[in-house]
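Peer 1: Following is a predicted model, sequence given first.
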Amino acid sequence: MMERFKNNIVFVIALIIVLVFTLPGIVRPDELFAVATYIHEQILEMFGWSYLVAAFLFLVFNLYLAGSKYGKIKLGKQHEKPQFSYFGWFSMLFAAGMGIGLIFWGVAEPMSHYLNPPEHIDTESGHAAQFAMRYSFFHWGIQPWAIYITMSLCIAYFSFRRGMPPLISSCFYPLIGERINGPVGYLIDILGVFATIFGIVTSLGLGAMQITAGLGTVFGFEADYTAMLIVIAIVTVLFMISTLSGVDKGIQILSKTNIVMALTLLGFMLIMGPTIFILNIFTQTLAEFASGFLTMSLSTNPFRGYEWTQTWTLFYWAWWIAWAPFVGLFVASISRGRTIREFVTGALIVPVLLTFVWFSTFGGAGFDLELNQGISIADRIADDVSVGLFLLYDEFPLTQFLNALTIVLLSIFFITSADSATFVLSMMTSGGELYPPDIKKVIWGLVISTTAAILLYAGGLEALQKMAITAALPFTVIMLLMCISLLRGLNYEVTVEMAEQEEE
């Protein structure tokens, strides 16, 4: 009886909190948007800088662990082998971590920065184009994965190496001991659920907007809110079917399908697009990204460009942190058996390089049209960022095929992300059970879809972004403390336990 209570207390409280935050949006969407706006503004004004500092510290933490004596420690028992092949592992990493966002912003973000850079950069200039590509690399590159890896390492180590439940609260055992099984532990897990909900809802909201825009482009109907609701309802049914089939079957199959389709689109655009121009953009942007990495990582641009930084960089960093519980728990579950060094190296290099190539290819194709061929695409994308990719396709052969393939890809990314999220949320609210009850998967699946629909109704993309930033603030503190806790746990294993084994 007590075990059932412990497994459900986080579920009940987290569910109530999420409903309290979102249900008013049905009857009073303007008031919900106004409250979200106020909270969002206060957080950015007072704590925006902390997101930049925290993300940079997470990266330093990851690099230190990979290069230190702790790097050879396995995320699992010493004899365990990885459950998934490198291809399957990288496919699920990419699908869970970046999928929908890259499809949505691959063309739209570089074009947006080109038209609306910080005020000290001339709009629609060569400087603006360079800035746009560099910051697209930055926003989707190393720091996001450093945030994800930090969470994943903590979960995987304490769960698979130390035999504790795969919960965020388990990561705090070196700091608070058995109190992880009481109110303090419940609070930590509830904050994790809260952040996860609004992190995943932001991504799924973007996906719903773009799927609807794509369908409207192909079939000639208006991509309004009603159409988005229909899309969300259909995809909800599909991802519920997938999530009930389990991680080994549903998520892995869909993730591999994702990566093959994404690489097909990437290869087509790289070959049929301005290949040399794209490669030049890639090499130059990579150099500029590397040389300016430290400045970008810690600059809030308080003298010039502060508002731009708040709108873009600080939003992204908060979004990644809000995503971290979901991606971290899921990635930990598929990374068992790998060493810390292998995990950090693989997750920091492969997805990041693929992301850089993606932005260079699709952003570069957009800039070629805009700068070299006299085809204005940026202004049209600015009117509706969700149609950016489809506007690009209009200028290439096989337009309808590309549109259809992208809609299918977006749908599968949507299904995969929601599938993974329902699994993770159910596990987090079931005491860390690796096979949580199906009823909880169904409930969380409905909550995710409903919350996305409500926030889109209350304020569209802007409402999604503001709720993500709000949810991320308390969890930033949680993640910083997790780093300290993981270091204590690793140090104890390396020094105390190994010393005891040598004495025996």
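Peer 2: The structure has been received and is ready for your questions.
Peer 1: Show me which residues of the helix or strand containing L63 are buried.
Peer 2: Per DSSP states H and E, L63 falls inside helix 29-67. Within helix 29-67, the residues scored as buried using 16 or more other C-beta atoms under 10 Å are 29, 32-33, 35-36, 40, 43-44, 47-48, 50-52, 54-56, 58-59, 61-62, 65-66. In short, each C-beta sits where N, CA and C put it, glycine included.
Peer 1: Helix, strand, or coil at Q400?
Peer 2: Three-state assignment for Q400 (DSSP: H, G, I helix; E, B strand; the rest coil): helix.
Peer 1: and it, what does it touch?
Peer 2: The contact partners of Q400, taken as C-beta atoms under 8 Å, 6 or more residues apart in numbering, are V218.
Peer 1: and the gap between it and P274?
Peer 2: 22 Å (C-beta to C-beta, to the nearest Å).
Peer 1: now do E493
Peer 2: E493 sits 52 Å away from P274, going by C-beta to C-beta.
Peer 1: Between these two, point out the one with more neighbours.
Peer 2: Ranked by neighbour count (other C-beta atoms under 10 Å), E493 and P274 place P274 first, with 19 against 15.
Peer 1: Give the closest residue to the more buried one in space, chain neighbours not counted.
Peer 2: Spatially, and ignoring its direct neighbours in sequence, P274 is nearest to D368 (4.1 Å; C-beta to C-beta, 6 or more residues apart in numbering).
Peer 1: Can you verify the one you found is assigned to a helix?
Peer 2: Yes. The assignment for D368 is a helix, going by three-state DSSP.
Peer 1: In a helix, N301, correct?
Peer 2: No. Counting by three-state DSSP, N301 is not found in a helix; it is coil.
Peer 1: give me every residue that touches it.
Peer 2: Neighbouring residues of N301 by C-beta under 8 Å, 6+ apart: 118, 308-309.
Peer 1: ok, 7 Å please
Peer 2: By C-beta atoms under 7 Å, 6 or more residues apart in numbering, the contact list for N301 reads 118, 309.
Peer 1: what's the distance between it and L392?
Peer 2: In terms of C-beta to C-beta, N301 sits 29 Å off from L392.
Peer 1: likewise Y457?
Peer 2: Relative to L392, Y457 is positioned 29 Å away (C-beta to C-beta).
Peer 1: try R304
Peer 2: Distance, R304 to L392, by C-beta to C-beta: 31 Å.
Peer 1: more crowded one of those two?
Peer 2: Shown here are R304 and L392; by other C-beta under 10 Å, L392 has more neighbours (25 against 12).
Peer 1: now the more buried one, nearest residue through space, not along the chain?
Peer 2: V107 (5.1 Å).
Peer 1: My read is that that neighbour contacts D368, right?
Peer 2: No. If you go by C-beta atoms under 7 Å, V107 and D368 don't touch, sitting 11.5 Å apart.
Peer 1: Compare the two (neighbour count), which wins?
Peer 2: V107 (30 against 18).
Peer 1: helix/strand/coil for that one?
Peer 2: helix.
Peer 1: Next up, the contacts around it.
Peer 2: Shown in contact with V107 (C-beta under 7 Å, 6+ apart): 362-363, 366, 381, 388-389, 392.
Peer 1: ok, P436 to M428 distance?
Peer 2: Using C-beta to C-beta, P436 is found at 9 Å from M428.
Peer 1: Do I have it right that N258 meets I415?
Peer 2: No. Look at N258 against I415 with C-beta under 7 Å: they stay out of range, at 9.4 Å.
Peer 1: tell me the secondary structure for E433?
Peer 2: Three-state call for E433 (three-state DSSP): coil.
Peer 1: Now it: phi and psi?
Peer 2: With angles defined as degrees, to the nearest 10, E433 sits at phi -60, psi 130.
Peer 1: Next one: R380 from I16, what distance?
Peer 2: Taken as C-beta to C-beta, the span from R380 to I16 is 43 Å.
Peer 1: Same drill for the two, tell me which one is more crowded.
Peer 2: Neighbour count, other C-beta under 10 Å: between R380 and I16, R380 has more, with 14 against 11.
Peer 1: how far away is the more buried one from L115?
Peer 2: Distance, R380 to L115, using C-beta to C-beta: 11 Å.
Peer 1: Over to G101?
Peer 2: Distance from G101 to L115, counting by C-beta to C-beta: 20 Å.
Peer 1: out of these two, which sits in the more crowded spot?
Peer 2: Comparing G101 with L115 by other C-beta under 10 Å, the one with more neighbours is G101, at 24 against 16.
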